[in-house]
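Trainee: Here is a sequence with its predicted model. Questions after.
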Amino acid sequence: MKTLVSILFSLGMATVVMAQPTIRTDVTGDLPGKRAESNVRNAQYPRLLPDNRAVFRVKAPEAQKVQIDLGRKYDMTREADGTWTCTTDPLSEGFHYYFLIVDGVKVADPASESFYGCSMMSSGIEVPYPDGKNVFELADVPHGDIRMNRYFSKTDGRWKRMFVYTPYGYEQGNRKYPVLYLLHGGGEDERGWATQGRTDVILDNLIADGKAEPMIIVMAGGNTADIESELLKECIPFVESRYRVAEGKENRALAGLSMGGIQTLNVGIAHPELFAYLGVFSSGWWANPPRGFQSGNEAEKYYEMLKADKEGYNSGLKEFWISMGGKEDIAYNNCRIMRERLDEIGIKYTYFETPGGHTWPVWRESLAKFAPLLFKK
């Protein structure tokens, strides 16, 4: 324990050292590339090279082995002063979780902002998007707001929170807005879409460009014993009592990524009277559900619902949208089998595939493609 405390103290001190005025900044041109925008204030590492390789530098003089875990593990090289460095392969655009592994202990990098993901507080690195993908970057457009709302969930018997995006102009006038309920993945929580997902940035840009209708987006917590009850008895009534919401299923959409995608399927298919739009990102009912997985073994029940009223679902769903992060996406096989079953039944859907695997760049892209399809008059 003494060694671990010493290591963590050394890691923390690395951030302090990097924050000192004597550190040379990007302006001098003496440091490689540019600092990642996801770094904490004044932290100069990690840095991104022009080809999107990332350079990491961590001071941990008492450590015996240090690695960077970006899905793939990179061994770091120790310098004489106890500083460890490494350079990764080129990273794809967008947000990526990462960890330090110090003598076998996985920890967050004190030089990075922290994000809840992988069921723990994680580090993250934001890789810039190329020109032409400005929808994911802050721009000089009218900006909406994200508000945190606390509520008591009778479903789970505890206080919870949701994050609610309201578009620019919500505070003026009496206009009522349609709502997208947006669910996070497993190992994450209601913060995911608001931070890692850049929901407000994406919608601000789409709305300003006339590509999406102004809408409210509710980023609710899917970590619950009963997602159907949580949404229908807690979240929707709360939102409709606090916000100017347009009534009727035609003004209500439900979407989610990974675990949230299965929750979207389960709730949306069971309640076609409530939602006119469903979005399933990097997900699909389990072909071979793991033992004990929440709502993982009920797919046949929902297929039977679809069979019993195929025409009703096809006419009632204005958009049933499914996306996948290519064959490297861990949910790819489940999604493929689900689409084959939907084809057999005759259920209409839209399918979108983009490279990137089971990652936030894929889910941001999914939201940017799905949102413009919603609530068109």
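Mentor: Everything's here; your move. Just so you know, these numbers come straight off a predicted model, no measurement behind them.
Trainee: which stretches of the protein have low pLDDT?
Mentor: Along the chain, segments meeting pLDDT under 70 span 1-29, 289-297.
Trainee: where do the helices sit along it?
Mentor: For the chain, the helices defined by DSSP state H cover 2-18, 199-208, 227-229, 236-242, 259-270, 299-308, 310-316, 332-345, 360-370.
Trainee: Spatially nearest residue to residue 341 (excluding sequence neighbours)?
Mentor: In this structure, residue 341 finds its nearest non-sequential neighbour in residue 303, 5.9 Å apart by Cβ to Cβ, 6 or more residues apart in numbering. Heads up, the C-betas are built off the backbone N, CA and C, glycines and all.
Trainee: where along the stretch 101-250 of the chain do the strands fall?
Mentor: Per DSSP state E, counting those that start in this stretch, the stretch 101-250 of the chain carries strands over the ranges 105-107, 114-117, 120-127, 145-153, 158-166, 179-183, 216-220.
Trainee: Report the angle between the last one and helix 199-208.
Mentor: Strand 216-220 and helix 199-208 meet at an angle of 160 degrees, taking axes from the mean of the first three to the mean of the last three Cα atoms, to 10 degrees as the criterion.
Trainee: Sheet partners, orientation included, of strand 216-220?
Mentor: Strands that pair with strand 216-220, judged by DSSP bridges, come out as strand 158-166 (antiparallel), strand 179-183 (parallel).
Trainee: what comes up buried for the longest one?
Mentor: Using 16 or more other Cβ atoms under 10 Å as the burial criterion, the residues of strand 158-166 that qualify are 160-166.
Trainee: I'd say residue 111 and residue 43 touch.
Mentor: Yes: contact criterion Cβ atoms under 8 Å: residue 111 and residue 43 qualify, at 3.9 Å.
Trainee: one step back: can you redo the helices of the chain as a markdown table with distance to residue 58 and mean neighbour count?
Mentor: Formatted as a markdown table, the helices of the chain follow (distance: least, Cβ to Cβ, whole Å; neighbours: other Cβ atoms under 10 Å):
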| stretch | distance to residue 58 | mean neighbour count |
| --- | --- | --- |
| helix 2-18 | 6 | 15 |
| helix 199-208 | 29 | 22 |
| helix 227-229 | 39 | 19 |
| helix 236-242 | 43 | 15 |
| helix 259-270 | 32 | 24 |
| helix 299-308 | 45 | 15 |
| helix 310-316 | 52 | 14 |
| helix 332-345 | 34 | 17 |
| helix 360-370 | 23 | 24 |
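Trainee: Out of those helices, the one nearest residue 154 is which?
Mentor: helix 227-229 (8.4 Å; Cβ to Cβ).
Trainee: Nice, that's everything, thank you.
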